[in-house]
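Asker: Here is a sequence together with a model predicted from it:
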Amino acid sequence: MKIYLPRDAAAKALGADDVATALQVEAAHHGVTVDLVRNGSRGMVWLEPLIEVVQNGARLAFGPMTVADVPGLFGDLAAHPKALGPTDDLPWMKAQTRLTFARVGVIDPLSLDDYRAHGGLTGLAKALGMGSEAIVAEVTASGLRGRGGAGFPTGIKWKTVAGAKADRKYIVCNADEGDSGTFADRMLMEGDPFTLIEGMIIAGVAVGATKGYVYLRSEYPDAIEVMTEAVVLARAAGILGKSVLGSGPAFDMEIRTGAGAYVCGEETSLLNSLEGKRGVVRAKPPLPALEGFLGKPTVVNNVISLATVPAIFEMGAAFYKGFGLGRSLGTIPLQIAGNVARGGLFECAFGLSLTQIIDEIAGGTASGRPVKAVQVGGPLGAYFPRAMFHLPFGYEEYASADGLIGHAGIVVFDDSADMLKQARFAMEFCAIESCGKCTPCRIGAVRGVETIDRIARGDTAAIPLLTDLCQTMKAGSLCALGGFTPYPVMSALTHFPDDFSPMKEAAE
Amino acid sequence: MSPVPVNLSDLMTEILADHRDLEGSLLPILHAVQAAWGYVPQEALPIIAHDLNITRAEVHGVISFYHDFREEPAGRHVVKLCRAEACQSMGADRVAGHAQRRLGVDWHGTTADGAVTLEPVFCLGLCACAPAALIDGRVVGRVDEARFDALVAEIGVGVMA
């Protein structure tokens, strides 16, 4: 009896390990041998822990499972109260275009045989036959842009590093996924770690780098465990080491753990942290592509950008580019979170509206109350009211509406949310996490909290002051932390003015 | 790893030797010290500084920059509650208030009996099953007040009335 049960942190957080134990006990009781695979998550978090039982070659889903639901798996499966039918036929799965996440939840994350059987290493093998220039050209042609949120064309970044002359170059994967509402990096690393390794090797071959680092946040203990083991396995199999796949150039990598600083998700701060320093932001130029880790040319890419590269080589740049809209090409793993009935990871072409994402895919709020606001792109992203839900999901489309898609995290709030409180939190968070290098961020965030407190006390004269402060932070900060904190603050103020009005208290 | 030496100087010798070949080794060293010793004791700073040929002030600067590093021991259990937006949308502020009252501590505080340290954390990547918590490294989702009480009872903590 072959059974899949995720080892993904979200599944564990909802009791997957207890279900696994119950499964073994019950199997022993029935004298049945269970081949239990701890896979990644399919991304349907509201159904976790989601068990899949293989029957006649099909994977049948059951969830959300509790320990009490386990004995029923050893009886009539069709009659099981948590039976959902074949996983591939579930509406959430059928509606997606899974390219980056094709293997996540499908394979055993730490089985190289499984990885190969599902197309793993095909992209790398192709890339090795192409040579540096052709690899960079292919990535450029795919239209892939930085999935961390900045949206910089990946191919152009690689070209800069490839053209730089140096004795050493580096590939650094930014796995410091600190934005609230995002978990795509975590799910990818826990569910298909070899894809990230493969993407980093291709990047290394393309630019002439022989060493890679994954800077992985300490808040992700499960991802650290899986990635660390995957690197050991890849090294033992000759995928990493003196000669990639036995014929390519040298490439090896290390997993490094962050230490709880949000600002280290900013690439120059990350590089300082990786060098063993305070995670203080560096002024640009010089670009990390020319003077990055230890002053050497360095590619810094997000997990999803790098993990998408193998799929681009496997299927071709033209195929990948066929999805999306405008200058936002390919697919984007949406992370639907917060107060939603059906939350999780949904990979699709760019271009969906928030109406489609929240009302149709996510099924509205978990609380059943009306949606009040949606924050897209993490703590530095704007809060959108329902009137703006028609916006198509894309880099330029969101930027032109004074927002950002960021790392594609979508956090839904119902009508109990107080937008003044959310704006205050944005400033408070910036104050806590500021690296302290530039004044608009370090001092501005503290003054921002104070100014919002004045507004909360009914001092409307503080509103223009807050607007002015936000302009200073936006224009004068060194990095996105101070520079983008005005997005949640100003969007809350602009789209939800009632929450900032002295009438609010009177009404209450 | 070999058994943890009880003597700090032996521990430091071992950790520094293990990290000798790493580029940018300070964070991995500090993580290793904290994992073995529970916190980064002041006495470790000059040893690290000497080994890496940097000043003691630079080591202190790095330790104080990052939320993860402690300069004093934590309680026997560390409970981290997520304070970020996705968790807020599902009542994290309310749960945090409850946790602080039940344990009788503020953020970063340790209960008088030394059993629990309560820490805020900004995102555990469990945003679709919020509010989230990390208890001694174990992830927990959908933490409401009742679940919180059950969790602290599980780790054998008598909560304040």
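Answerer: Cool, the structure landed.

Asker: For the rest of this, base every contact and every neighbour count on C-alpha atoms.
Answerer: OK.

Asker: Pull the residues that contact stretch A:449-464.
Answerer: For stretch A:449-464, the surrounding residues in contact (CA atoms under 8 Å, 6 or more residues apart in numbering or on different chains) are A:420, A:423-425, A:427-428, A:465-466, A:500-502.

Asker: Adding pLDDT and neighbour count, write those residues out as TSV.
Answerer: Formatted as TSV, these follow (pLDDT from 0 to 100; neighbours: other CA atoms under 10 Å in any protein chain shown):
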residue	pLDDT	neighbour count
A:420	98	22
A:423	98	26
A:424	98	22
A:425	98	21
A:427	98	28
A:428	98	19
A:465	98	14
A:466	98	24
A:500	96	25
A:501	91	19
A:502	77	15
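
Asker: Quick check: the farthest pair among the residues you listed?
Answerer: Farthest-apart pair in the contacts of stretch A:449-464 is A:428 and A:502; separation 21.7 Å (CA to CA).

Asker: Strand partners (parallel or antiparallel) of the longest strand seen in chain A?
Answerer: In chain A, assigned by DSSP state E, the strand with the most residues is strand A:331-338. Applying DSSP bridges, strand A:331-338 is found paired with strand A:344-349 (antiparallel), strand A:409-414 (parallel).

Asker: what's that strand in contact with?
Answerer: A:97-101, A:147, A:181-184, A:320, A:323-324, A:342-350, A:358, A:362, A:408-413, B:85-90, B:127-130.

Asker: just checking, which of these belong to helices?
Answerer: A:184, A:320, B:85-88 (DSSP state H).

Asker: What about these, which one has the most neighbours?
Answerer: Using other CA atoms under 10 Å in any protein chain shown as the neighbour criterion, residue B:86 leads the ones in helices among the contacts of strand A:331-338 with 35 neighbours.

Asker: May I have the helix or strand harbouring residue A:309 exported as CSV, CA atoms only?
Answerer: Per DSSP states H and E: residue A:309 is located in helix A:303-315. Only the C-alpha atoms of helix A:303-315 are listed here, as CSV (Å, rounded to 0.1, in the frame of the first residue of the first chain):
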residue,chain,number,x,y,z
VAL,A,303,14.4,30.8,-5.0
ILE,A,304,11.6,30.8,-7.5
SER,A,305,13.6,32.5,-10.2
LEU,A,306,16.3,29.9,-9.9
ALA,A,307,13.9,27.0,-9.5
THR,A,308,12.1,28.0,-12.7
VAL,A,309,15.3,27.9,-14.8
PRO,A,310,15.3,24.0,-15.1
ALA,A,311,11.7,24.1,-16.4
ILE,A,312,12.7,26.8,-19.0
PHE,A,313,15.5,24.6,-20.3
GLU,A,314,13.3,21.5,-20.2
MET,A,315,10.4,23.0,-22.1
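
Asker: next one: it to chain centre, how far?
Answerer: 14 Å (CA atoms, centre = their mean, to the nearest Å).

Asker: Enumerate the residues of chain B near chain A.
Answerer: B:23-28, B:61-62, B:65-69, B:84-90, B:122-130, B:137-142 (CA under 8 Å from any CA of the partner chain).

Asker: Quick one, grab the pLDDT at residue A:457.
Answerer: Predicted confidence (pLDDT) for residue A:457: 96.

Asker: ok, it - how many residues close by?
Answerer: 13.

Asker: mind checking pLDDT for the most centrally placed residue in chain A?
Answerer: Nearest to the centroid of the C-alpha atoms of chain A, with distances taken as CA atoms, centre = their mean, sits residue A:184, at 3.2 Å. Per-residue confidence (pLDDT) for residue A:184: 98.

Asker: Thought residue A:302 was touching it, still the case?
Answerer: No: assessed by CA atoms under 8 Å, residue A:184 is found out of contact with residue A:302, at 10.7 Å.

Asker: shared neighbours, these two?
Answerer: Residues touching both residue A:184 and residue A:302 by CA under 8 Å, 6+ apart: none at all.

Asker: just the strands in chain B please.
Answerer: B:77-82, B:116-121, B:133-135, B:138-140.
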